[in-house]
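Trainee: What follows is a predicted structure for the sequence shown.
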2 protein chains.
Amino acid sequence: MREVAVLGAGQTKFGELWDRSFREIGIEAGLQALVDAKLESAQLQGLFLGNMAAGRLIDQEQIAPLILDYAGLGNRNLPAVRVEGGGASGALALHAGYLAVASGQYDFVVVGGAEKLTDVPDITGNQITDSAADHEWEVVFGATLPGLWALIARRHMYQYGTKREEFAAVPVQDHEMAAKNPNAHYRNKITLEQVLGATPVAQPLGMLDCAPLSDGAAAVVLGPMEVARKYTDTPIRISASQVACDTMALHHRRDITTLDSTAVAARRAFQQARRTPENVQIAEIFDGYSIGALVALEDLGFVAKGASGAAFAAGEFGRGGRVVVNSSGGLKAQGRPFGAVGVAQVVELVRQLRGDAKDRQVAGANLGLAHDVGGTGATSVVHLLERTN
Amino acid sequence: MREVAVLGAGQTKFGELWDRSFREIGIEAGLQALVDAKLESAQLQGLFLGNMAAGRLIDQEQIAPLILDYAGLGNRNLPAVRVEGGGASGALALHAGYLAVASGQYDFVVVGGAEKLTDVPDITGNQITDSAADHEWEVVFGATLPGLWALIARRHMYQYGTKREEFAAVPVQDHEMAAKNPNAHYRNKITLEQVLGATPVAQPLGMLDCAPLSDGAAAVVLGPMEVARKYTDTPIRISASQVACDTMALHHRRDITTLDSTAVAARRAFQQARRTPENVQIAEIFDGYSIGALVALEDLGFVAKGASGAAFAAGEFGRGGRVVVNSSGGLKAQGRPFGAVGVAQVVELVRQLRGDAKDRQVAGANLGLAHDVGGTGATSVVHLLERTN
């Protein structure tokens, strides 16, 4: 298998971009990534695009060629493929683009992720988020995605003694990180008291435990590792790209305090890269619901099962901690444009690993992990990115 | 690049399957393909699923893990990825699955396509088909997908003297072929007079020029060519898998009587396989609108530009012709469950190339071509399949 590198990265601001359409943001991120990769668009051989719900949000399917078209590449007749897996769509697109380059059929591809969630007609955010849960066995009976994550939180509290304050610490840290990220949806700092006192959504989760609906797009350019050095002094290798799935419905899982999909994807990824969780300095992980970050830290192997709450609250995963988690601000504060999230995570890792993350630079980061989740974990995707010089 | 073979193929009946859900048909096709491949489900390493619009049709995203789950594989934590590109979704899923095996990261994968179009709430067929056109520049101004294909037909008639009777011959042949296909949506024969006299949809296209909305699913099992012979006496090699795109809106094309996406994908495919159109004995091509089949025959290189109408009407692409086209009955008569179409085309080719097509067997078929289109050709996908013994 051919080694694959990230040559360039780009991202729009995340937020409520009422003055910008789906196609505009998709193009902006892609062009930024191309410029960053110092590639001519003539060298491009394909686009893999992560998007969750453009069909329902903007009545538009077949959006991968749409984005190529509006980027001025319509008549180049490049391949363009959209990939979907709920909130993990962007990470799945990266997996597909990675396989394309690894196979040898493609040399240079753009992997993009884009979602336009606000200022769209006739649909509520809930209808979209809930479509990543099991419609026939969860949603029609009234379960919502925050409601299902609340079940996970309750059980984690019951089984491991995890405290409400411990997962409330996740959004506090996220907002603190995002304050230094000019692309973040929210750059205001929040306090633990604010999180605990926020309007309940699905108890124990309140408004500030839940990531927002955001518009936004992100993109990376991939190419074969062997030619990467021609284009950049700091090629970032994708040392592992792994997907794992699980039952759609939460009630079919053997244990709802663990996402087996995450545990399995992580195990396969560390095996592929011949690394261990101890080698990781920086991670972008799923925190669409605050409890999700704690569960992920355990399932990814960063902390023993049940021990994440205390470790997080003690700052082990904050700035200066052993693994710096969500330096971008995460889904909670950088924002949550579904299809863009998995790609934006990698954009952040690339900037950190290159040493280009400015104010929010994590010193000495050589190995980064990206972790994205669809629904309550029916899909998990884990990527390991490594600085090679 | 590792060579990839089709080891097994399966397909449900296509039609209005009011008593069967999306998940049921998806599973049936996949299990058939596994049994046909003589593979244990324990050997499976992933699922690539083509689907166009489950989000809007059944309020369900993240359907790739859903299908795995309901196939009883939820707790196996396999990777599952959904791919979408309008009507070309199934063929794109095959491309993604092909790359996965070619890369070496996956050995055995199922590529499935499934769509549940009838007996679903609150949506019309038009809303779905039109979402593969350019929403902002075509659909909001009243253009429909059949209307856009009617423009192509008019222009083809004007520019090349193509006759109404010539593309009316396409559905006549399709129904004749489908009469021998037990999985076909329509098995009744129709006459040229019936096609010409049918209710107009978008003139010159009438009701019988347009493929129906169908429910259905199809699946193939892929594996590395080097181990394929262990599993089957007649491994079918995927000699080429190519995707090309074009502008979304028809009015941006240099010439609307040609789908550049098809011409480019075909050229790349013949190059990859080191074959020419003259080497092909059997083809499954896009005939969602009758004129589409004529345009495809030209763009694929089977007949000179403008000459397809007379050639088709003369039977050159019928049973006993130089290339037997749509022995399955095509989208028009076998049926059109969007995401399943591209995979079903390959199922038909595999059966023909193996010599397993019973009543409708085309003698001496060694090289087959599958051609699928999204919208009016923003996406085209071409696969070449070859019998190797």
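Mentor: Looks like it came in fine. It should be emphasised that the depicted structure is a prediction, and the values quoted were computed from it without experimental measurement.
Trainee: A:Arg20: neighbouring residues, count only.
Mentor: 18 (other CB atoms under 10 Å in any protein chain shown). Bear in mind the C-beta positions are built from the backbone N, C-alpha and C, glycine included.
Trainee: That one contacts A:Asp215, doesn't it?
Mentor: Yes: counting by CB atoms under 8 Å, A:Asp215 is a contact partner of A:Arg20 at 6.9 Å.
Trainee: Nearest the middle, which residue of chain A would you pick?
Mentor: A:Gly342 (2.9 Å; CA atoms, centre = their mean).
Trainee: what's the distance between that residue and chain B?
Mentor: 12 Å (CB to the nearest CB, to the nearest Å).
Trainee: What helix or strand is that residue located in?
Mentor: For A:Gly342, the host element (DSSP states H and E) is helix A:338-354.
Trainee: Give the closest residue to A:Gln281 in space, chain neighbours not counted.
Mentor: Of all residues not flanking A:Gln281 in the chain, A:Ala365 sits nearest, at 4.4 Å (CB to CB, 6 or more residues apart in numbering or on different chains).
Trainee: was I right about the one you found contacting A:Asp356?
Mentor: No: in this structure, A:Ala365 is not within contact of A:Asp356 by CB under 8 Å, at 11.1 Å.
Trainee: quick one, which of those two is more surrounded?
Mentor: Higher neighbour count among A:Ala365 and A:Asp356: A:Ala365, with 23 against 12, using other CB under 10 Å.
Trainee: who's in contact with that one?
Mentor: Taking CB atoms under 8 Å, 6 or more residues apart in numbering or on different chains, we find A:Ala365 in contact with A:281-282, A:324, A:352-353, A:387.
Trainee: Is it correct that the residue nearest to the centre of chain A is in contact with A:Ala91?
Mentor: Yes: using CB under 8 Å, A:Gly342 is in contact with A:Ala91, at 2.9 Å.
Trainee: anything in contact with each of those two?
Mentor: Common neighbours of A:Gly342 and A:Ala91 (criterion: CB under 8 Å, 6+ apart): A:50, A:370, A:372, A:381.
Trainee: Run me through the strand neighbours of the helix or strand where the last one lies, direction for each.
Mentor: Spelled out, it's A:Val381. Per DSSP H and E, A:Val381 falls inside strand A:379-387. Using DSSP bridges, the strands paired with strand A:379-387 are strand A:236-245 (antiparallel), strand A:367-374 (antiparallel).
Trainee: can you pull out the strands in the stretch 101-250 of chain A?
Mentor: With DSSP state E, counting those that start in this stretch, the ranges of strands along the stretch 101-250 of chain A come out as A:109-115, A:200-202, A:205-206, A:216-224, A:236-245.
Trainee: Next one: the residue of chain A most remote from its centre from A:Lys332, what distance?
Mentor: Distance from the C-alpha centroid of chain A peaks at A:Asn75, with 31.3 Å (CA atoms, centre = their mean). In this view, A:Asn75 and A:Lys332 are 41 Å apart by CB to CB, to the nearest Å.
Trainee: The stretch 1-150 of chain A: helices as residue ranges?
Mentor: Remark: helices assigned in the stretch 1-150 of chain A by DSSP state H, counting those that start in this stretch are A:22-37, A:54-58, A:63-68, A:89-103, A:125-130, A:145-160.
Trainee: Pull up the per-residue confidence for the residue nearest to the centre of chain A.
Mentor: Per-residue confidence (pLDDT) for A:Gly342: 98.
Trainee: now do A:Ile123
Mentor: Note for A:Ile123: predicted pLDDT of 67.
Trainee: Next: A:Ala217.
Mentor: Turning to A:Ala217, the model gives it a pLDDT of 97.
Trainee: That one bridge partners, please.
Mentor: Per DSSP bridges, the residues bridged to A:Ala217 are A:Ala114.
Trainee: residues contacting it?
Mentor: Here A:Ala217 is in contact with A:11-12, A:25-26, A:28-30, A:112-115, A:337, A:340 (criterion: CB under 8 Å, 6+ apart).
Trainee: Count the neighbours of the spatially closest residue to A:Asn75 that is not a sequence neighbour for me.
Mentor: Nearest non-adjacent residue to A:Asn75, counting by CB to CB, 6+ apart: B:Thr247, 6.7 Å away. Other residues near B:Thr247 come to 25 when the count uses other CB under 10 Å.
Trainee: ditto for A:Leu44
Mentor: Neighbours of A:Leu44 (other CB under 10 Å): 22.
Trainee: about what we covered before: out of the shared contacts of A:Gly342 and A:Ala91, which are buried?
Mentor: Among the shared contacts of A:Gly342 and A:Ala91, the ones that count as buried by 16 or more other CB atoms under 10 Å in any protein chain shown are A:50, A:370, A:372, A:381.
Trainee: ok, now which ones touch the last one?
Mentor: When you say that, I think you mean A:Val381. The neighbourhood of A:Val381, defined by CB under 8 Å, 6+ apart, consists of A:85, A:88, A:91-92, A:94-95, A:241-243, A:265, A:342, A:370-373.
Trainee: Also A:Thr376?
Mentor: Here A:Thr376 is in contact with A:133, A:145, A:148-149, A:152, A:250, A:259 (CB under 8 Å, 6+ apart).
Trainee: Sounds good, over and out.
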